[in-house]
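[1] Prediction below, plus the sequence it came from.
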Amino acid sequence: MTLLSARNLSKNFGGLTAVKDVDFDLPEGEIRAIIGPNGAGKSTLVGLISGRIKPTTGTISFQDRDITRLPAHRRVAQGIAYTFQITSVFANLTCRENILLPAQRGALAAAGPFGRIDTDALNDKAEEILARVGLGDRADTKATEMAYGHQRLLEVGMGLALDAKLLILDEPTQGLSDSEIANFLDLIRGVARDTTVLLIEHNMTVVMELAQRITVMNFGEILAEGTPEEIRADDAVQRAYLGG
Ligand code: ADP
Ligand code: MG
């Protein structure tokens, strides 16, 4: 099933076309990587998908519903979670609190205006997510006291706490050490068992190990799309990007 589908998507910033007439389909359950040189339009494309950026032309549907005009927070409620290039955790909150915030948001929406939130269930959920992202023993540690790599894991946890159906990550491994990257690969493989993952990634080892399919962008357009093997063997990609 197609989870997300974009048609004729464009974004102009003044005279500059950052995304140009893009058609993009994302099947449910896939790990998709978007690659391409700096300025290719990758962040703009995921900004359009998350709703942070409004399109100049085109439509986006998610689970067969037209979301083109939904603001970002309404897309979050539909299950589209986005973490930014710059770490977005609340520095002075503990890991548990950082997870409880988005988890509470989902519980509130589910309970309705007069419903009650089961705080025990909420706390259990937070513990479970912290364990899942490998931060089980850091529940009471403030985010600011943790290494950068751990903050990125917490960020993924915040996406999970939203019960995201689509988790969008913009350069999640930037600034991570090799061992943190290995950790991250395991985490995303686990997450992908029940969440579709769309990530912008520069580290080609991560891309080739993680992605089921790769979308290559260049000058705001999709240059190629395929499996890691197909992309590696693509002449146009080699010339434009992989430097072969
Ligand atoms: P990438 O993520 O692939 O590096 P971006 O989507 O960030 O590329 O940027 C694509 C192009 O759009 C670049 O030329 C960039 O300078 C331009 N751009 C991105 N955001 C803005 C903005 N808010 N205002 C003006 N130009 C922008
Ligand atoms: Mg970018």
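    That came through, no problem. Numbers count the residues shown, from 1 in each chain. Ligands and ions are numbered 1, 2, ... in the order given.
[2] Going by secondary structure, the residue in the chain that ligand 2 sits nearest to is in what exactly?
    Nearest residue of the chain to ligand 2 (C-beta to the ion) works out as residue 43 at 3.1 Å. Yep, even glycine has a C-beta here, placed from its N, CA and C like the rest. Per DSSP states H and E: residue 43 is located in helix 42-50.
[3] Please compute how far the helix or strand just after that helix lies from its chain's middle.
    Sequence order places strand 57-62 as the next helix or strand after helix 42-50, per DSSP H and E. Centre-to-centre, strand 57-62 and its host chain are 18 Å apart (C-alpha atoms, centre = their mean, to the nearest Å).
[4] what residues does the protein put near ligand 1?
    13, 16, 18, 36, 38, 39, 40, 41, 42, 43, 44 (C-beta under 6 Å from any ligand atom).
[5] Swap in 5 Å and give it another go.
    13, 18, 38, 39, 40, 41, 42, 43, 44 (C-beta under 5 Å from any ligand atom).
[6] Just the buried ones out of the residues you listed, please.
    Buried subset of the residues of the chain next to ligand 1 (neighbour count, 16 or more other C-beta atoms under 10 Å): 18, 40, 41, 42, 43, 44.
[7] Quickly name whichever of the residues you listed is closest to residue 111.
    Distances from residue 111 to those, taken as C-beta to C-beta, are shortest for residue 43 (34.7 Å).
[8] Quick check: the closest one touching residue 169?
    No. Using C-beta atoms under 8 Å, residue 43 makes no contact with residue 169, being 11.4 Å away.
[9] what's the overlap in contacts for these two?
    residue 200 (C-beta atoms under 8 Å, 6 or more residues apart in numbering).
[10] Below-threshold pLDDT in this protein: ranges please.
    Counting by pLDDT under 70, the ranges of the chain that qualify are 84-87, 242-244.
[11] go again using 80 as the cut-off
    83-88, 105-115, 240-244 (pLDDT under 80).
[12] Torsion angles phi and psi at residue 35?
    phi -120, psi 170 (degrees, to the nearest 10).
[13] Quick check, central residue of this protein?
    Nearest residue to the geometric centre of the chain (C-alpha atoms, centre = their mean): residue 168, 1.1 Å.
[14] how distant is the helix or strand hosting it from the center of its chain?
    In this assignment (DSSP H and E), residue 168 forms part of strand 166-170. Its chain's C-alpha centre and that of strand 166-170 lie 0 Å apart, by C-alpha atoms, centre = their mean.
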